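Colleague: How does the following fold in three dimensions:
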Amino acid sequence: MVVLVADAFEQSGIDGLKAAGCEVVHDPALDGETLAAALRHTRADVLVVRSTKVTAPMMDAGALALVVRAGAGYNTIDVGAASARGIYVSNCPGRNAVAVAELTLGLILALDRRIPDNVAALRAGKWDKKTFSKAAGLKGKTLGLVGFGAIGREVAQRAQACGLHLLIWSRSLAPATDAVTLGLENDADSHVTVVASPGEVAAGCDILSIHVALGPETRGLVDAAVLARLRRGAFVVNTARAEVVDYDALEAAIREKGLRVALDVFRDEPSAGTAEYRDPLLELPNVYGTHHIGASTEQAQEAIAAETVRIITTFKQSGKVPNCVNLATRTPATHMLVVRHRDKPGVLAHVFDQLRAAAINVQETENVIFAGAEAAVARINLDRRPSDAVLALITSGNEHVLSVQLVELIG
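Modeller: Numbers count the residues shown, from 1 in each chain. A predicted model of the protein is given here:
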């Protein structure tokens, strides 16, 4: 199996792939046309990327079967194009959660104590203790979390150590879910409340921190209406994806409400590691920015490399793909054909031949073998109901077919 790694990747991951018997081609400079050319030349089975975009033409250039995003978000991969071509897309969720949580808390502390401004003033030769001594402090403030996946949970645990109260919204949590269920403390020093909407989080918090993955339902989730509910001087931290927040509305809210903002993600980020970059938000004095480094700790990258190796090794050995993001949760199948048969060559071929002749499409197939490997049961999901005549042909056309049952799929 040939694995093309087209981004920076830990040596432990390269070594792990080689130990698993993979041929590894590693070129972190590949991008655009050069990546398409490399896929064409290497005929790679697997492509591993971090921030590099993966497009439909790239998929058409080679012989890809699997694309692995060595990280959590996969918005840089054309998942729809991969699905249409039968190419698996997998990611490494949760492996960078601690790293992103640590950066999030660092940014919150930086906003409160104005740490970057302190450093800049001293480097410029200016001593201004009077100005920089002014800070509210975090204890007793309320941190609002929009999203409570792996990263949100890690942020919450660290925030409680700072004495912050928590106000949480997540699509997966019912309002008033108790703290114990969330694995958190709930006392006077750090009270936990789950609410029904991002707007409720914004209305009740001093610090708004965003931790949702980017998808159709979260694009622009934190919009002007949500930002309008923030109190004057509130903090906003985004270490998720730029597209989750309406940055034009955020810029207006900064000017109108004196918000203090820390961002690790931006609009139209450069794909290269170094480049010239400008964003109007970064010109505002109340905004701090970091270079989309949330997952960029050695610990996180080692964990992601190990997970990438696990995904590819599993695929190589079993054909199964852990963490696959583009399999249908439910096929369009309307009926299941259950065929009990002797475990002999040609039985399933006979069944499929009859279905093909009737222009019935097979959506999913499972063949379960009984102990002793003498008999088996095939469960075959179909896109429409076979006629009685087709069922009769399947039953009578092969002596090893023992019985046929048709089940209508509901829901």
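Colleague: tell me the strands in the stretch 101-250 of the chain, going along the chain?
Modeller: Listed in chain order, the strands of the stretch 101-250 of the chain (DSSP state E, counting those that start in this stretch) span 142-146, 165-169, 192-194, 207-210, 235-238.
Colleague: Tell me which strands the last one pairs with, and in which orientation.
Modeller: Put plainly, it is strand 235-238. strand 207-210 (parallel), strand 260-263 (parallel) (DSSP bridges).
Colleague: For it, report the contacting residues that lie outside it.
Modeller: 104, 107-108, 111-112, 206-210, 222, 227, 230, 244-245, 250, 259-265 (CB atoms under 8 Å, 6 or more residues apart in numbering). In short, each C-beta sits where N, CA and C put it, glycine included.
Colleague: How about the shortest one?
Modeller: Contact with strand 192-194 is made by 156, 165-170, 173-179, 182, 184-186, 204, as judged by CB under 8 Å, 6+ apart.
Colleague: quick one: contacts for A174?
Modeller: V194.
Colleague: if we can go back for a sec, now the strands paired with strand 235-238 in a markdown table, with mean neighbour count, distance to I254 and mean pLDDT?
Modeller: Compiled in a markdown table, the strands paired with strand 235-238 are given as follows (neighbours: other CB atoms under 10 Å; distance: least, CB to CB, whole Å; pLDDT from 0 to 100):
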| stretch | mean neighbour count | distance to I254 | mean pLDDT |
| --- | --- | --- | --- |
| strand 207-210 | 27 | 13 | 98 |
| strand 260-263 | 24 | 6 | 98 |
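Colleague: For S318, which of the ones you listed is the nearest?
Modeller: Checking those against S318 by CB to CB gives strand 207-210 as the closest, at 36.7 Å.
Colleague: what's the spacing between the closest one and its chain's center?
Modeller: 19 Å (CA atoms, centre = their mean, to the nearest Å).
Colleague: Just the C-alphas of that strand, formatted as PDB.
Modeller: C-alpha atoms of strand 207-210 as PDB (Å, rounded to 0.1, in the frame of the first residue of the first chain):
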ATOM      1  CA  ILE A 207     -16.500  35.200  28.000                       C
ATOM      2  CA  LEU A 208     -17.800  33.500  24.900                       C
ATOM      3  CA  SER A 209     -15.700  30.600  23.500                       C
ATOM      4  CA  ILE A 210     -16.600  28.700  20.400                       C
END
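Colleague: Other residues contacting that strand?
Modeller: Strand 207-210 is contacted by residues 104, 108, 111, 141-147, 155, 164, 201-202, 222, 230, 234-240, 244-245 when judged by CB under 8 Å, 6+ apart.
Colleague: Mind doing that once more with 6 Å?
Modeller: With CB atoms under 6 Å, 6 or more residues apart in numbering as the test, strand 207-210 has contacts from 104, 108, 143-146, 202, 235-238, 240, 244.
Colleague: re the thing from before, ok, which of the strands of the stretch 101-250 of the chain comes nearest K126?
Modeller: strand 235-238 (24.8 Å).
Colleague: on that earlier part again, so how do I select the buried members of the contacts of strand 207-210 in ChimeraX?
Modeller: Listed next is the ChimeraX selection for buried residues among those, using 16 or more other CB atoms under 10 Å:
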select :104,108,143,144,145,146,202,235,236,237,238,240,244
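Colleague: Give the burial count for K134, as a bare number.
Modeller: K134: 8 surrounding residues under other CB atoms under 10 Å.
Colleague: Also A371?
Modeller: A371 is flanked by 6 other residues according to other CB under 10 Å.
Colleague: Assign it to helix, strand or coil.
Modeller: Under DSSP: H, G, I helix; E, B strand; the rest coil, A371 falls in the coil class.
Colleague: Over to F266?
Modeller: Under three-state DSSP, F266 falls in the coil class.
Colleague: how about it, what does it touch?
Modeller: By CB under 6 Å, 6+ apart, the contact list for F266 reads 242, 279.
Colleague: run the last query once more with 8 Å
Modeller: Neighbouring residues of F266 by CB under 8 Å, 6+ apart: 242, 277, 279, 281-282, 289, 292.
Colleague: What's the end-to-end length of stretch 216-226?
Modeller: 18 Å (CA to CA, to the nearest Å).
Colleague: Could you give the number of residues near the closest residue to F148 other than its chain neighbours?
Modeller: Leaving aside its sequence neighbours, F148 sits nearest to S170 (CB to CB, 6 or more residues apart in numbering; 3.8 Å). Counted with other CB under 10 Å, residues neighbouring S170 total 21.
Colleague: gap between S170 and P198?
Modeller: From S170 across to P198, the span is 10 Å (CB to CB, to the nearest Å).
Colleague: Low-confidence bits of this protein, can you list those?
Modeller: Applying pLDDT under 70 to the chain flags residues 411.
Colleague: Which single helix of it contains the most residues?
Modeller: helix 298-318 (DSSP state H).
Colleague: Give the other helices and strands that it contacts.
Modeller: Helices and strands touching helix 298-318, by 3 or more CB pairs under 8 Å, 6 or more residues apart in numbering; DSSP states H and E, are helix 11-19, strand 46-49, strand 66-69, helix 97-113.
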